[in-house]
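In: Sequence first, then the predicted structure:
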Amino acid sequence: MTTTTELSELTGDYVLDTAHTRIGFVARHAMATKVRGQFDEFEGSAYLDSDDPSKSSAQLTIQAKSIQTRNQRRDEHLRSKFLDMDDHPAITFASTKVKQVDGTNFKVTGDLTIHGVTKPVTVDFELTGAENDPWGNFRVGFEGSVTINRRDWGVNWNAATGVLVSEKVTLEFDVAAIRQS
C-alpha cells in the first residue's frame, strides 16, 4: 500500500479485512525467550473521520479459542487456564477516544476486555497506507501496539506462572480495512 497524502480521502465506515489483518502478541517465557502468537478468528469495524479524528471510532472482537502459538499443548493451556475461554469466549476492544498525533500517527484509547475484566488502554497506531485495490475497494492499513500487564486482567494461572511467563504482554495489530461507504 502507498500512503495517501490527503487524509480527507479516508473518511468512511470500514470493516476489517480478516485475510490481511494480524492480531498478535509477544510475551517473554522463562525470561530467556519470547513466545509469539496470534488470534485467527476476529472481526472489527471502524469509522474514520479525517476532518475531525476525535469523531473516529473502532471496535474489535476476538475469539479466545483461536489463539495460536504453533504449540498445541501450550495453546490448549492458554485457552483453558489463562483465558478461561469457556467462561470468557471473547476478547473485545471498543474505542472511547481517538487523537491524531501527526500526519500518520494516532493514539486510540478504549476499553479492553479480557477474561471478563475491562480496563482502558491506549494503542499507538501508524497509518501505513491507503489505496484502491484492483477490485475497486478502498483500503487502509494501520500498524499498532500496546504493552499491557496481563495480571491487570486476571490472566494468570498459578504462582509459578509469574516466574515462567512475563507479566508484560505486547499486543500487536497489523490492520487492513476496507471502506464500506
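Out: In hand now; what should we look at?
In: in the helix or strand hosting S95, what's buried?
Out: Using DSSP states H and E, S95 sits in strand 90-100. For strand 90-100, burial by neighbour count (16 or more other C-beta atoms under 10 Å) applies to A90, I91, T92, F93, S95, V98, Q100. C-beta here means a position set from N, CA and C on the backbone, and glycine is covered the same way.
In: what residues are up against the spatially closest residue to M85 that is not a sequence neighbour?
Out: Nearest in space to M85, with sequence neighbours left out and distances taken as C-beta to C-beta, 6 or more residues apart in numbering, is A64 at 4.0 Å. Neighbouring residues of A64 by C-beta atoms under 8 Å, 6 or more residues apart in numbering: F39, R79, L83, M85, H88, P89, A90, I91.
In: swap in K99?
Out: Here K99 is in contact with P53, S54, F106, K107, V108, T109 (C-beta under 8 Å, 6+ apart).
In: Bridging across strands, which residues link to it?
Out: K107 (DSSP bridges).
In: mind checking how far it is from G110?
Out: Using C-beta to C-beta, to the nearest Å, K99 is found at 12 Å from G110.
In: for T69, same thing?
Out: In terms of C-beta to C-beta, T69 sits 25 Å off from G110.
In: Of these two, which one has the most company?
Out: Under the criterion of other C-beta atoms under 10 Å, the comparison of T69 against G110 puts G110 first, with 21 against 18.
In: Could you list the low-confidence segments of this structure?
Out: 1-6, 30-31, 157-164 (pLDDT under 70).
In: If we use 50, what do you get?
Out: 1-5, 159-160, 162-163 (pLDDT under 50).
In: Please report the residue range of the longest helix in it.
Out: If you go by DSSP state H, the chain has its longest helix at helix 72-77.
In: neighbouring contacts of that helix?
Out: By C-beta under 8 Å, 6+ apart, helix 72-77 touches V35, G37, I67, Q68, T69, W157.
In: How about the contacts made by the fourth one?
Out: When contacts are counted by C-beta under 8 Å, 6+ apart, Q68 is found next to G37, Q38, F39, D40, D75.
In: can you check A177 too?
Out: Y14, V15, L16, D17, T21, G44, A46, R139, V140, G141, F142.
In: With K34 instead?
Out: K34 touches V26, A27, R28, counting by C-beta under 8 Å, 6+ apart.
In: Give the bridge partners for the residue nearest to E43 when sequence neighbours are not counted, please.
Out: Spatial nearest neighbour of E43, chain neighbours left out: T61 (5.6 Å); criterion: C-beta to C-beta, 6+ apart. On the basis of DSSP bridges, T61 is bridged to E43, T92.
In: So which residues of this structure form helices?
Out: Using DSSP H, helices in the chain cover 72-77, 161-164.
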